[in-house]
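Q: I need the structure of the sequence given here:
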Amino acid sequence: MGWLFLAAVSCVLSASCLGAAVHGEDVVGVSMCCPEGKVLKLERPSRESRDGIFRYSYAEYTAKCVRKRRSPKDTLDGATITVTGDDNDDVGEKQMVVKKTGVMLPSCPLGLKVQRVSLNSSVSEESSGNATSEMEDPIRETKPVSRVRLGDYDCGHNNCLKGNVYVDDKPVCDDGWGDTDAGVVCRELGFDGGYATTESKYGNVNLERQSCFDEVQCSGRESSLLDCRHQSQDDCSDGEGAGVVCYGEEDPAGPEYGDYSSSPPRQEPETEIHLTSSGELTIPTGPLGPTSYKTGEFCMAGVWDGSLGPGWSEVDAIALVCEPCKSEVLCGASLELFSSLVHIPSSSTDLRNSEIVTCEESWCQTTNNIVLAFDEDGDTKVNFEEFKTKMEKYVEKVVTDLDLNAERSLNEVSIKNLSLKLFLDVLDETFTFSDINQDDILSVEDAPPRTFRDKNDDGKISLREIVGVSPINMPAPLYRLYTNLDKDKNEKLSLEEATNFIKGTFYVIDQNEDCFINLDEIIATLKESKLPKEFQLAVKLLGDYYFTLADYFLNEFVSAADVDGDKKTTLAEIIGVKDPA
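A: Numbering: from 1, shown residues only. Below is the predicted model of the structure:
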C-alpha cells in the first residue's frame, strides 16, 4: 500500500493535479516553447548570414527563447482551455487543464510555421451569454500592447502603411532617423520592411512642448523601436517628425509612394483551431492538405515577443510547428518552384489539385517545356507529385555521376574531374526539356510561336534571319564551331550531332584516356591550340577558383545531409536533408 500513499502525496503536491481533482477537469499535456524566465521571440529570417553568404528560408519567422525583464509571465500552464474530441471520439468540445509536459522549441530553419490556437469555446459570444465573461482568460490579460504606432495619416482602415511615428503617443524626432530605424518600426507593426521619411511628412507634430525619442540609432536586429539606442531629450520643432512608409499590402490611397505589391505578404492569422483532448493539433489548411501533429511535435506559447501583423493581437495562443515538406530542402524548393509556375503562393490553399498545363501563347514556353520533361503519365499535365518526383530523379542522376566508386553513397566529392557520362546526361536532359516536337532535333520549330520573324516571306526562318548574318560571314572561330556542330549544315542540331560533338571534344581534351577531364587537361589543350599565355593563365585562375569554391559548398552540403554520421551520405539522406547550413 506504500506506493498508493506516495501517489496520493504526489497528486496533492501537484497544482495541476489538485486543480483537476477539485474541478473535475481532465488534463491535456502540452510542450511549452520556452522555459520559465524566458519568452519566445519571433523575428523575420535574415536573407544574409554574418559571413555574408545568402541564405534562403521558406519560413515566415525564426524563433528563439530570450530573457526579457519586462515580459509578462506566460500563464498557459495550468489554464483551463476548450479542446475538441479526437477523430474516434464522439465528444464535441470540453474543458481541460493544460499541463506542461516539457520544453521543446521546434528546430526547422526552413519550414517553421506559426499557427494561432484558440483556448476558448467556438460558440459565439451572443450564444454563450455571461459564461464567457465569467471565465477568466489569463492569456488575454497578459497580452503585450505595442507602444509604437503610426499617426497623422488616414488611409481608410486601421493598419496604415505609412505615417509619422509615435511612442506612447509622443512623436519621434527625425534627428538621425534613417531607413534602418524605419525597418525596425515596420517589422514591429507586422510589415516586411520600409523606408524613412522626415520633416513631419504626414503633418506637423507636437515636439516643441514635449520630449520624446531623439537621435534614434537602430542596428536593424531589434524587434521593437523601444530596444534601439536613443536620447530622451530633444530640441526638435514640430516640423521635424520622423515617419515611415512600410512595405505590405497595396496602399488604398494610390501609387503615390510606389508599388509594393511584389513584396512578400505579411503573415495573416489563419482560422483558429483547438487542441484535441489527446493533445494533438491538426492544421486543416496547407499547401499539401491537412497535417496532424502529435504531442511533442509542436510547442505552444501564450506570450511572445515580436509582431505577427494585424489581427494577431487578439489571438489566445500560438503553436510552432515544422511543416513537413518545407522543412526539407528539396521538397521545399520544389514546392516554391511549383507554386510560382501555377501562380499560387506556397503558403496559400491546397496545391494538390493544382497542375501545370500547356498553352499556345508565346509566354507559355517555359511551362510547355516543363510539361514535356516532367509529365510522367502522359496526360499533358504536371501535378506536384510528378514535379517533385522528377526533381528527385534529377538529384539521383547527379549523385550517380558523383559516386565514382559506385557505392550508392557520397563521402568526399569533387567536380574537378568531370566524366563523359555527366556531359551526356546534361545533353539528354536538355533535349528532353527543349525538343517540343520530340523529333530529337533542336530547330526553329521548337521555339514559341512568333519568336522569330520570316523576314523574306519564303515560308521558313533561316539562321541568317535569327542572328542577322550568314554563317559563312561569322567570325572564323564561331564558324568552325558551327560547322563542327551542324555537320550537314541544315541549320538544325540533331541529338546525334550534339552527342558526336561532345564525345569528339571530350576525347581531344582527355589526354590520359581515363574518361575524365580536369582543369590541367583543359589548359594543356588550350596550349596546343596556341591560345595566348595570358588567356591560359586567366582560364587556370578562374577555373581553380570556381572549382574549389564549388567543391567546398558541395562537400558542406553532403556533410550536412549525413544524418547518421557514418561518412556515407546516401541518396535518401540527400533528398531528405533539412538544414544545409
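Q: those helices in the stretch 101-250 of the chain, which residues are they?
A: Using DSSP state H, counting those that start in this stretch, the helices of the stretch 101-250 of the chain run over 125-128, 131-134, 138-141, 179-188.
Q: What distance do you get for Val244 to Ala182?
A: Distance, Val244 to Ala182, by CB to CB, to the nearest Å: 4 Å. For the C-beta atoms, the positions are set from N, CA and C on the backbone; glycine is no exception.
Q: oh, I was asking about Ala63
A: Ala63 is 24 Å from Ala182, by CB to CB.
Q: For the biggest strand by length in the chain, buried residues please.
A: Criterion DSSP state E: the longest strand present in the chain is strand 93-103. Across strand 93-103, burial judged by 16 or more other CB atoms under 10 Å covers 96-101.
Q: how about that strand as CSV, C-alpha atoms only?
A: C-alpha atoms of strand 93-103 as CSV (Å, rounded to 0.1, in the frame of the first residue of the first chain):
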residue,chain,number,x,y,z
GLU,A,93,-15.9,20.4,-27.0
LYS,A,94,-15.0,20.2,-23.4
GLN,A,95,-12.9,21.9,-20.7
MET,A,96,-9.4,20.6,-19.8
VAL,A,97,-6.5,21.9,-17.8
VAL,A,98,-3.2,22.5,-19.6
LYS,A,99,-0.3,20.5,-18.1
LYS,A,100,3.2,21.4,-19.1
THR,A,101,4.9,18.1,-20.2
GLY,A,102,8.3,19.6,-21.2
VAL,A,103,10.0,22.3,-23.2
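Q: Would you give the sheet partners of it, along with the direction of each?
A: strand 26-32 (parallel), strand 80-84 (antiparallel) (DSSP bridges).
Q: how distant is it from the center of its chain?
A: Offset of strand 93-103 from its chain centre (CA atoms, centre = their mean, to the nearest Å): 32 Å.
Q: and Val103, bridged to which residues?
A: Met32.
Q: host element of Glu360?
A: Using DSSP states H and E, Glu360 sits in no helix or strand.
Q: and it, how many residues sit next to it?
A: Using other CB atoms under 10 Å, the number of residues around Glu360 comes to 8.
Q: how close does it get to Ile81?
A: Taken as CB to CB, the span from Glu360 to Ile81 is 56 Å.
Q: got it, and Glu407?
A: Distance from Glu407 to Ile81, by CB to CB: 53 Å.
Q: before we move on, what about Ser354?
A: 36 Å.
Q: So for the two, which residue has more residues nearby?
A: Ile81 (23 against 19).
Q: I'd like to know how many residues surround the nearest residue to the more buried one once chain neighbours are set aside.
A: In space, and not counting its chain neighbours, Ile81 is closest to Leu119: 4.1 Å by CB to CB, 6 or more residues apart in numbering. Neighbour count for Leu119, taken as other CB under 10 Å: 23.
Q: could you measure Leu119 against Ile318, distance?
A: From Leu119 over to Ile318 the distance is 11 Å, taken as CB to CB.
Q: what do the two both touch?
A: Common contacts of Leu119 and Ile318 (CB atoms under 8 Å, 6 or more residues apart in numbering): none found.
Q: Show the residue spans covered by the helices in the stretch 301-450 of the chain.
A: Under DSSP H, counting those that start in this stretch, the stretch 301-450 of the chain gives helices at 329-341, 365-374, 384-402, 420-434.
Q: Kindly reformat those as TSV containing mean pLDDT.
A: Shown next, in TSV, are the helices of the stretch 301-450 of the chain (pLDDT from 0 to 100):
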stretch	mean pLDDT
helix 329-341	88
helix 365-374	86
helix 384-402	92
helix 420-434	91
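Q: Which of the ones you listed sits closest to Ser277?
A: helix 329-341 (31.6 Å; CB to CB).
Q: Quick check, the residue nearest to Ile81 in contact with Thr75.
A: No - applying CB atoms under 8 Å, one finds Leu119 not in contact with Thr75, separated by 10.9 Å.
Q: Would you map the strands across the stretch 451-581 of the chain?
A: Taking DSSP state E, counting those that start in this stretch as the criterion, the stretch 451-581 of the chain carries its strands at 493-494, 516-517, 569-570.
Q: roughly how far out does the second one sit from the chain middle?
A: In this case it means strand 516-517. The chain centre lies 37 Å from the centre of strand 516-517; the measure is CA atoms, centre = their mean.
Q: do the first one as well
A: Averaging C-alpha coordinates over strand 493-494 and over its chain gives two centres that are 40 Å apart (CA atoms, centre = their mean).
Q: Averaged pLDDT, it. What do you get?
A: Per-region confidence: strand 493-494 scores 91 on mean pLDDT.
Q: Show me what it is packed against.
A: strand 441-442 (3 or more CB pairs under 8 Å, 6 or more residues apart in numbering; DSSP states H and E).
Q: Which strands and helices lie in contact with the strand it packs on?
A: Counting contacts by 3+ CB pairs under 8 Å, 6+ apart, strand 441-442 is packed against strand 493-494.
Q: So what touches the strand it packs on?
A: Contacts for strand 493-494 (CB under 8 Å, 6+ apart): 440-443, 485-486.
Q: Quick one: mean pLDDT for the longest helix belonging to the chain?
A: The single longest helix within the chain, with elements called by DSSP state H, is helix 533-561. Averaging pLDDT along helix 533-561 yields 93.
Q: List the residues that contact Asp238.
A: Per CB under 8 Å, 6+ apart, neighbours of Asp238: 200, 204-208.
Q: Make TSV from those residues and add neighbour count and distance to Gln115 to it.
A: TSV is the format used below for the contacts of Asp238 (neighbours: other CB atoms under 10 Å; distance: CB to CB, whole Å):
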residue	neighbour count	distance to Gln115
Ser200	21	41
Asn204	16	43
Val205	27	39
Asn206	12	41
Leu207	24	42
Glu208	13	47
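Q: of the residues you listed, closest to Leu105?
A: Leu105 lies nearest to Val205 out of the contacts of Asp238, by CB to CB, at 41.0 Å.
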